[in-house]
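Enquirer: here's my sequence, what's the structure:
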Amino acid sequence: MNARGRTHTMLSFRWSTIRHSALALCLAIPGFASRSAAQGAITITFDDAIRLSLKQSVAVRQAENTVAASTETVRQRSSAFLPSFSLSTNTSESYGYTFNQNEGRIVDQTTTSVNLNANSALTVYDGGRNIAQLKEARLSNNANDADLSRARQTAVFTAASGFLTLVQREEQVRVQRDNLSAQMAQDTAIQRMVRAGARPISDQYQQQATVASSQYSLVTAQRDRELARVALMRALQLDPRGEYNFVAPAMADSMQILRFNLDSLLVKALGSRADLEALDTRLEATAFTVRNAAGSRLPQVSMSLGYGTAFNSASELSFGNQFNQRRSGSLGLALSVPIFDRRQASVAAQQARIAADNARLSVQDRRLAIGSEVREAYLNHTAAVEQYDAARVQLAAADLAANTQARRYAVGAGTLVEVTAARAQLVQAASAVVSAKYALAFQQSLMSYYVGDMVPESTSLAGLSGASSR
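Expert: Take a look at the predicted model:
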């Protein structure tokens, strides 16, 4: 076989390598193999990343603390309806001259006295403030629960998007690595052709420049991959000194395309979004904040009960007899009517109404924001589907063009410029397929986050692991 025939065979083999590398996205990431071999490397799958995000997220843990604190507030407000009860005792000694009633004279003696009292108080009516405070606390606790649900969804959303970005960057490294291998093989073939006098030396220099450019592109892709790895480690709260092997799930060659209806998404989002539920609940709670402030203008009624006994050593009665004979009790009913409180109640009520109006505005703003987010996600998904289809067509056409130019160059009918341009288009097309595929996977897998019905523990990469196709 002559030099041109061998070159054509080698180039055809390299184009086949690029084509299959770009399309076989279901393979596990090879770039992580060296890290897996490292001592102490921790393997983290997609499911592991989801679990770590729920466990390690600072926002989730803070939301859990907020829920715990608000739960205690509810218990505190509930206890306000119960009576208080206290026991008190005091002991004292007095020295010096005192009048002795039994002897009828002044004597110099030391006297010991002991008092024992039990007291209880109950708020009968406080203008309805305790009821308003309890209902407000319960609603605030419900709102905090909704915030926790949204924080968990956001943590999973961040981890899943970071994981997808890392896998996408790894596939881009694969494409650039295969391109570099093909360019180096082309360089070797051109050198043989130059030595045989079939091609000018300028072709060799031009190809060497192309190889260097491919090396630069590979280094850039590797840097982007490592930056994505660091970002994912940060999202999962992992030790930056550790070694981690992020393993992508098995992926199919073709994706299952999901279809969405914008109106259905909007209706579902407005009924399911936990952040909107939290704001709605807080808006409801502000009504009781206003009622609590207004209640300070109303009369307050309280009841008290006391019982006690005493002992004094100056008495000739025994300790037990004194405690028995000196028993006493009290029952009191107090009424307090506010007349002038320096406008504190009025100011508090006005501030509560302003806070309620702000809460209402927050709800309106969030509803509009949710509508915009869902519409944007829907448009992004629609564009991702079209881009994925176009990228696959582009890759098929670029593959044919590259192979055609390689054959023409091998027989002397084409120029190196044409081969280089065709190969650049092939690499661009392969990269576009990778980007489009993972953009579509992102939109399909995480659409549930935008509509609010995401179940954090059950999040998966929709369309990537299924075998069915459009």
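
Enquirer: now residue 305: which helix or strand?
Expert: Counting by DSSP states H and E, the element that carries residue 305 is strand 300-312.

Enquirer: may I see the buried residues of that strand?
Expert: For strand 300-312, the neighbour count (16 or more other C-beta atoms under 10 Å) marks 300, 301, 306, 308, 309, 310, 311 as buried. For glycine as for every other residue, the C-beta is placed from the backbone atoms N, C-alpha and C.

Enquirer: ok, now stretch 328-336?
Expert: If you call a residue buried by 16+ other C-beta under 10 Å, then stretch 328-336 has no buried ones at all.

Enquirer: so how far is residue 325 from residue 191?
Expert: Distance, residue 191 to residue 325, by C-beta to C-beta, to the nearest Å: 121 Å.

Enquirer: how far away is residue 410 from residue 425?
Expert: Separation of residue 410 from residue 425 (C-beta to C-beta): 19 Å.

Enquirer: neighbour count for the two, which is higher?
Expert: residue 410 (23 against 18; other C-beta atoms under 10 Å).

Enquirer: neighbours of the residue nearest to residue 199 when sequence neighbours are not counted, just the number please.
Expert: Spatial nearest neighbour of residue 199, excluding adjacent residues (C-beta to C-beta, 6 or more residues apart in numbering): residue 193 at 4.3 Å. By other C-beta under 10 Å, 21 other residues sit near residue 193.

Enquirer: ok, residue 193 touching residue 200?
Expert: No - judged on C-beta atoms under 8 Å, residue 193 makes no contact with residue 200 at a distance of 9.6 Å.

Enquirer: for the helix or strand harbouring residue 293, packing partners?
Expert: Assigned by DSSP H and E, residue 293 falls within helix 274-295. Applying 3 or more C-beta pairs under 8 Å, 6 or more residues apart in numbering; DSSP states H and E, we find helix 274-295 packed against helix 129-195, helix 344-410.

Enquirer: as a markdown table, the ones you listed with mean pLDDT and distance to residue 266 would be great.
Expert: Below are those laid out as a markdown table (pLDDT from 0 to 100; distance: least, C-beta to C-beta, whole Å):
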| stretch | mean pLDDT | distance to residue 266 |
| --- | --- | --- |
| helix 129-195 | 92 | 18 |
| helix 344-410 | 92 | 6 |
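
Enquirer: which residues does the closest residue to residue 276 other than its chain neighbours contact?
Expert: Nearest non-adjacent residue to residue 276, counting by C-beta to C-beta, 6+ apart: residue 366, 5.3 Å away. Residues in contact with residue 366 (C-beta atoms under 8 Å, 6 or more residues apart in numbering) are 275, 276, 279.

Enquirer: so which one among the buried residues of strand 300-312 has the lowest pLDDT?
Expert: pLDDT is lowest at residue 311 among the buried residues of strand 300-312; the value there is 83.

Enquirer: okay, and the beta partners of that one?
Expert: With DSSP bridges as the criterion, residue 311 is bridged to residue 114.

Enquirer: do you know how far it is from residue 109?
Expert: Distance from residue 311 to residue 109, by C-beta to C-beta: 16 Å.

Enquirer: returning to that earlier point: ok, residue 191 and residue 325, which is more surrounded?
Expert: Per other C-beta under 10 Å, whichever of residue 191 and residue 325 has more neighbours is residue 191, with 16 against 11.

Enquirer: show me the contacts for the more buried one.
Expert: residue 204.

Enquirer: show me where the stretch 1-150 of the chain has its strands.
Expert: All strands of the stretch 1-150 of the chain, identified by DSSP state E, counting those that start in this stretch, fall at 42-45, 84-100, 105-125.

Enquirer: identify the farthest-apart pair in the buried residues of strand 300-312.
Expert: 300 and 311 (36.6 Å; C-beta to C-beta).

Enquirer: and the pLDDT for the nearest residue to residue 133 once chain neighbours are set aside?
Expert: Spatial nearest neighbour of residue 133, chain neighbours left out: residue 77 (5.0 Å); criterion: C-beta to C-beta, 6+ apart. Residue 77 is assigned 93 on the pLDDT scale.

Enquirer: rewinding a little: out of the helices and strands packed on helix 274-295, which comes closest to residue 49?
Expert: So among the helices and strands packed on helix 274-295, helix 129-195 is nearest, using C-beta to C-beta, at 5.0 Å.

Enquirer: quick one: the closest one to chain centroid distance?
Expert: 12 Å (C-alpha atoms, centre = their mean, to the nearest Å).

Enquirer: can you report the mean pLDDT over the residues of the helix or strand immediately after it in the chain?
Expert: Note on helix 129-195: by DSSP H and E, the next helix or strand toward the C-terminus is helix 201-235. When pLDDT is averaged along helix 201-235, the result is 93.

Enquirer: run the chain-centre distance for stretch 349-358.
Expert: The answer for stretch 349-358 is 31 Å, by C-alpha atoms, centre = their mean.

Enquirer: buried ones in that stretch, by neighbour count?
Expert: Buried-residue list, stretch 349-358, by 16+ other C-beta under 10 Å: 349, 352, 353, 355, 356.

Enquirer: the fourth one touches residue 287, doesn't it?
Expert: No - with contact taken as C-beta under 8 Å, residue 355 and residue 287 are classed as non-touching, separated by 10.7 Å.

Enquirer: so which of the strands of the stretch 1-150 of the chain gets nearest residue 267?
Expert: strand 42-45 (34.7 Å).

Enquirer: give me the helices and strands touching that closest one, please.
Expert: Using 3+ C-beta pairs under 8 Å, 6+ apart: strand 42-45 touches strand 244-247.

Enquirer: the strand it packs on pairs with which strands, parallel or anti?
Expert: According to DSSP bridges, strand 244-247 has these partners: strand 42-45 (parallel).

Enquirer: off-centre distance for the strand it pairs with?
Expert: Using C-alpha atoms, centre = their mean, the offset of strand 42-45 from its chain centre is 20 Å.

Enquirer: just the CA trace of it, in PDB.
Expert: Taking Å, rounded to 0.1, in the frame of the first residue of the first chain, the C-alpha atoms of strand 42-45 are listed here in PDB:
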ATOM      1  CA  ILE A  42     -13.600   8.700  48.000                       C
ATOM      2  CA  THR A  43     -16.100   7.600  45.300                       C
ATOM      3  CA  ILE A  44     -19.200   9.700  45.100                       C
ATOM      4  CA  THR A  45     -22.100   8.800  42.900                       C
END
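
Enquirer: list the buried residues of it.
Expert: residue 44.

Enquirer: ok, back up a step: export the helices and strands packed on helix 274-295 to CSV and tack on distance to residue 245?
Expert: Listed next are these as CSV, based on distance: least, C-beta to C-beta, whole Å:
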stretch, distance to residue 245
helix 129-195, 11
helix 344-410, 28
